[in-house]
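Chemist: Here's my sequence, what's the structure:
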Amino acid sequence: QVQFVESGGKSVQTGESLTLSCVASGFAFRSYSISWYRQAPGKERELVGVITQAGGTSNYLQAVRDRFTISRDNAKNTAYLQMNSLKTEDTAVYYCNKGYGSPSGMEYTYWGQGTQVTVSS
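Modeler: Numbering: from 1, shown residues only. Sure thing, here's the model as predicted:
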């Protein structure tokens, strides 16, 4: 079955950088886009950005554009989210999922456990 294991989240200070990983299994990873989402406390889940099968990236959330970069390594069935110049408002649980997701991700019925990113000033 489809499974995602997100990791790399931790508590950091504003301005620092983090790289999150998403290890996928249960499907042909290289054949699918991968979407990164986040959910802040008390807020709806939102799409952070998407990487296509070919490695093109798109649909970055306006708030993270120019600071976050998505990449992938098909040989490792892994997608990455490089986050630079972190802000307190980036505090959230970060998730990945299969396919080119909608802004809300409401179409997904399965989510991994996510990885917590906490940014403090």
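Chemist: Tell me what the residue sitting nearest the centre point of the chain is bridged to.
Modeler: Residue closest to the mean C-alpha point of the chain, counted by CA atoms, centre = their mean, is residue 36 at 2.9 Å. In this entry, residue 36 is beta-bridged to residue 49, residue 96, by DSSP bridges.
Chemist: any idea how far residue 42 lies from residue 28?
Modeler: 36 Å (CB to CB, to the nearest Å). Where C-beta positions appear, they are placed from N, C-alpha and C, glycine not excepted.
Chemist: Which one's more surrounded, those two?
Modeler: Applying other CB atoms under 10 Å to residue 42 and residue 28 shows that residue 28 carries more neighbours, namely 11 against 5.
Chemist: And the more buried one, what's its pLDDT?
Modeler: In this model, residue 28 is scored at 97, pLDDT.
Chemist: which ones are touching it?
Modeler: Contact partners of residue 28, counting by CB atoms under 8 Å, 6 or more residues apart in numbering, are absent.
Chemist: same question, residue 59
Modeler: Taking CB under 8 Å, 6+ apart, we find residue 59 in contact with 47, 49, 50, 100.
Chemist: Same question for residue 79.
Modeler: Applying CB under 8 Å, 6+ apart to residue 79 gives the contacts 21, 22, 24, 34, 36, 51, 70, 71, 72, 73, 96.
Chemist: Tell me the spacing between it and residue 117.
Modeler: For residue 79, the distance to residue 117 - CB to CB - is 16 Å.
Chemist: Which stretches in this protein count as strands?
Modeler: 3-7, 11-13, 18-25, 34-39, 46-51, 57-58, 68-73, 78-83, 92-98, 115-120 (DSSP state E).
Chemist: filter the contacts of residue 79 to the buried ones?
Modeler: 21, 22, 24, 34, 36, 51, 70, 72, 96 (16 or more other CB atoms under 10 Å).
Chemist: Quick check: of the residues you listed, which lies closest to residue 7?
Modeler: Minimum distance to residue 7 across these is 5.2 Å, recorded for residue 21 (CB to CB).
Chemist: Isn't that closest one up against residue 8?
Modeler: Yes - with contact defined as CB atoms under 8 Å, residue 21 reaches residue 8; the gap is 5.1 Å.
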